[in-house]
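1. Provided below are the primary sequence and the corresponding predicted coordinates.
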Amino acid sequence: LLGTATSRLTGLFRNALGGATLTKSSLQQPLAAMRNHLLEKNVAREAADRLCASVETDLLNQKTASFTSIDKTIRESMEKALTRILTPTSSLDLLRDVTTTTTGPSARPYVISIVGVNGVGKSTNLSKIAYFLLQNHFRVLIVAGDTFRSGAVEQLRVHVRNLSELARREAVGRVELFEKGYGKDAASVAKEAVSYASNNTGKGGGEMLYDVVLIDTAGRRHNDTRLMSSLTKFGQLANPDKIFMVGEALVGSDSVAQARNFAKEFVDTKGNLRNNGVGMDGFIISKCDTVGDMVGTLVSMVHATGIPVVFLGVGQHYGDLRGLNVGWAVERLMR
Amino acid sequence: MVLQDLGRRINTAVTDLTRAPTLDEKAFDSMLRDIANALAEADVNIRLVANLRKTIKTTVKFSELPPSANKKRIIQKAVFDALVDIVNPHQTPYQPKKGKSNVIMFVGLQGAGKTTTCTKLARWYMARGFKTCLVCADTFRAGAFDQLKQNAIKAKIPYYGSLTQTDPVVVARDGVEKFKKERFEIIIVDTSGRHHQEDALFAEMVEIQNAVQPQQTIMVLDASIGQAAEAQSRAFKETADFGAIIITKTDGAAAGGGAISAVAATHTPIVFIGTGEHLLDLEKFNPQSFVSKLLGMGDMQGLVEH
Ligand SMILES: Nc1nc2c(ncn2[C@@H]2O[C@H](COP(=O)(O)OP(=O)(O)OP(=O)(O)O)[C@@H](O)[C@H]2O)c(=O)[nH]1
Ligand SMILES: Nc1nc2c(ncn2[C@@H]2O[C@H](COP(=O)(O)OP(=O)(O)OP(=O)(O)O)[C@@H](O)[C@H]2O)c(=O)[nH]1
Ligand SMILES: [Mg+2]
Ligand SMILES: [Mg+2]
């Protein structure tokens, strides 16, 4: 007993002094602890394993810096790995994109649709995005594309009523609901809504009525092949500029399969995945306010697809939408 | 149901071990690691997984097993018992009684499936001869009352709610009082989604509970919940002292380990599981057969003495 305690102490001592060469065996235990740490933060096992492997590759045969322990060296490398994975490779400036699309000679409405599994927060976060666009003086058409779940249309009607009132008070953009009740095919409702917003139905057409068309869709299980494949048709008919998937921070390992299975439905008529082969344009990670530091879903979904996180949902009110601050997320994950 | 894959993996881990040319302690440890990985991947709470691993290790006491021992059987039983212990709440749920009013209040996180499940459960009791009704005490979520109303109408269940009253405590009290007077036997009260980080929401839950004095409070949990399950369910337990759990969306692909961790953290029985979005997609739940399914071996029941 004494022997192990002493050797552990000297181990620590040597460790703290730095200059230790990192081998597979000296990394094994601290990496296992790091992996457990990530799992506790709700990072899916697949992502945790991949991150730990990349840290191992990064550190193998390196020397620890002076006065730096192995644990600290691993932490720093993991922070780098997490930052790398969460940082989007191209920046998404939604407002600029909307402005570009809705102005000039070939102006047309900018179309965004929101997808995801049941109850994750699609309709609520769609309303938050509408609020954000309204504050930026855009005219928004909200489309009740969930023609299945009870109350889905009324839910949006209430949001539109609230948002109209807010817009009027703040003297910003305007918002309307486009709905065809229940039971209709979502793809055709969406298509109709886009042409209504463009106002190009009559001969010659008139002024575009709305800048942004925000399409809500029904929640669906990613293992329901029938409902999932209807997304393909939806994507092709509505032809959105952006498809955002809502992933819920509360969800565990399933987030990996959710992200992959939704992404793979969005192929064009030639069978190519949208958005340069990744399928969708971004994730909205909802309910971040309900998980404390356990924000691992962010990592799991990005890791699974390479699709960036564009918004975080941090509450149930219209203002509770944030852009992703990578430093904030990494700090929470490493805490 | 969702747990089969997990069951298969645990089963494989145990079988691989017993087929190994040398069934030594090293092989035993590696089996434990495989099981722990399968559980972690199924979203079982990571600390719970560590404890489970320790429990199996100490019950089996591999190095002390006599050479003649049926190692496979001993290990299988230890795994089975440890898993049963997690989902076994050591508590029986409330049984509604005919001829009196049984108030059942639903609580849970946002979007877990409360409103959908309320109607499913109401229909379940109605089909068994109870005079059943629904009260919508969610005055927060947009369209909540319309949602409950449309479901109730489809299922032909009387309902109560308000489009103008914004205080859920008042709506809950009024609705329950009205239905009690009319001698309803099952009165199910739906409430808004909430989470423990927001004190005001938890205080509201307590107020509703005080106003309607439910015989049973049920926590609804989504089968896909991950590591946050334990902290949230513990907080709901401490504040609302729910006596039963319903796991929804078990028709999804999630393994359900987070929800199982909630059972372990709160020692509360799962009474029903939701298996789809439709009215009839509700199944009564039995913890024992659940673990058998989890292990993917029907014959495991025989190994456990009662
Ligand atoms: N705490 C918190 N709750 C949220 C957040 N986003 C949404 N919610 C809540 O989650 C619940 C479900 O939200 P919805 O927007 O109806 O979810 P949905 O994905 O449209 O649901 P379906 O259409 O039924 O599939 C509601 O109670 C919302 O208020 C968030 O960021 N934080
Ligand atoms: N696939 C599947 N979907 C379900 C199940 N139970 C509920 N849902 C869906 O999950 C989503 C959310 O359900 P709700 O009943 O609105 O959830 P809630 O807990 O009342 O939500 P809030 O009131 O906003 O907190 C809806 O789309 C439901 O159709 C189930 O067992 N299986
Ligand atoms: Mg919705
Ligand atoms: Mg509800």
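-> Everything's here; your move. Ligands and ions are numbered 1, 2, ... in the order given.
2. For stretch A:278-298, buried residues please.
-> Neighbour-count burial for stretch A:278-298, counted by 16 or more other Cβ atoms under 10 Å in any protein chain shown, picks out A:278-292, A:294-298. Glycine gets a C-beta too; all of them are placed from N, C-alpha and C.
3. need the contact list for residue B:71.
-> B:18, B:23, B:65 (Cβ atoms under 8 Å, 6 or more residues apart in numbering or on different chains).
4. residues touching the residue nearest to residue A:174 when sequence neighbours are not counted, list them.
-> In this structure, residue A:174 finds its nearest non-sequential neighbour in residue A:139, 5.3 Å apart by Cβ to Cβ, 6 or more residues apart in numbering or on different chains. Neighbouring residues of residue A:139 by Cβ under 8 Å, 6+ apart: A:173-175, A:209-212.
5. Let me have those in JSON lines, adding neighbour count, distance to ligand 1 and secondary structure as columns.
-> Listed next are the contacts of residue A:139 as JSON lines, based on neighbours: other Cβ atoms under 10 Å in any protein chain shown; distance: Cβ to the nearest ligand atom, whole Å; DSSP: H, G, I helix; E, B strand; the rest coil:
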{"residue": "A:173", "neighbour count": "20", "distance to ligand 1": "21", "secondary structure": "coil"}
{"residue": "A:174", "neighbour count": "16", "distance to ligand 1": "22", "secondary structure": "coil"}
{"residue": "A:175", "neighbour count": "27", "distance to ligand 1": "17", "secondary structure": "strand"}
{"residue": "A:209", "neighbour count": "16", "distance to ligand 1": "25", "secondary structure": "coil"}
{"residue": "A:210", "neighbour count": "25", "distance to ligand 1": "21", "secondary structure": "coil"}
{"residue": "A:211", "neighbour count": "23", "distance to ligand 1": "23", "secondary structure": "coil"}
{"residue": "A:212", "neighbour count": "27", "distance to ligand 1": "18", "secondary structure": "strand"}
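6. from the residues you listed, which has minimum pLDDT?
-> When the contacts of residue A:139 are compared by pLDDT, residue A:173 scores lowest at 91.
7. With adjacent residues omitted, what lies nearest to that residue?
-> residue A:134 (4.2 Å).
8. give me the element the one you found is part of.
-> Using DSSP states H and E, residue A:134 sits in helix A:122-135.
9. Would you mind putting the CA coordinates of that helix into PDB?
-> What follows is helix A:122-135, C-alpha atoms only, in PDB (Å, rounded to 0.1, in the frame of the first residue of the first chain):
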ATOM      1  CA  LYS A 122     -39.300  23.300 -33.600                       C
ATOM      2  CA  SER A 123     -42.400  25.500 -33.500                       C
ATOM      3  CA  THR A 124     -41.100  27.500 -30.500                       C
ATOM      4  CA  ASN A 125     -37.700  28.200 -32.000                       C
ATOM      5  CA  LEU A 126     -39.200  29.000 -35.300                       C
ATOM      6  CA  SER A 127     -41.200  31.700 -33.500                       C
ATOM      7  CA  LYS A 128     -38.000  32.900 -31.900                       C
ATOM      8  CA  ILE A 129     -36.300  33.200 -35.300                       C
ATOM      9  CA  ALA A 130     -39.400  35.000 -36.600                       C
ATOM     10  CA  TYR A 131     -39.000  37.500 -33.800                       C
ATOM     11  CA  PHE A 132     -35.300  38.000 -34.600                       C
ATOM     12  CA  LEU A 133     -36.200  38.600 -38.200                       C
ATOM     13  CA  LEU A 134     -39.000  41.000 -37.300                       C
ATOM     14  CA  GLN A 135     -36.600  43.000 -35.200                       C
END
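10. From residue B:56, how far out is residue B:28?
-> 9 Å (Cβ to Cβ, to the nearest Å).
11. and for these two, which residues touch both?
-> Residues within reach of residue B:28 and of residue B:56 at once, by Cβ under 8 Å, 6+ apart, are residue B:75.
12. residues in contact with the residue nearest to residue A:173?
-> A:140, A:163, A:166-167, A:170, A:172-175.
13. Residue A:27 too?
-> The neighbourhood of residue A:27, defined by Cβ under 8 Å, 6+ apart, consists of A:56, A:59-60, A:70, A:74.
14. next one: residue B:271
-> Taking Cβ under 8 Å, 6+ apart, we find residue B:271 in contact with B:93, B:218, B:244-246, B:284-285.
15. circling back to that earlier point, mark which of the contacts of residue B:71 are buried, thanks.
-> Going by neighbour count (16+ other Cβ under 10 Å), the contacts of residue B:71 have B:23, B:65 buried.
16. can you list the contacts of residue B:71 in a markdown table and add distance to residue A:19, secondary structure and pLDDT?
-> Below are the contacts of residue B:71 laid out as a markdown table (distance: Cβ to Cβ, whole Å; DSSP: H, G, I helix; E, B strand; the rest coil; pLDDT from 0 to 100):
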| residue | distance to residue A:19 | secondary structure | pLDDT |
| --- | --- | --- | --- |
| B:18 | 47 | helix | 73 |
| B:23 | 44 | coil | 79 |
| B:65 | 46 | coil | 88 |
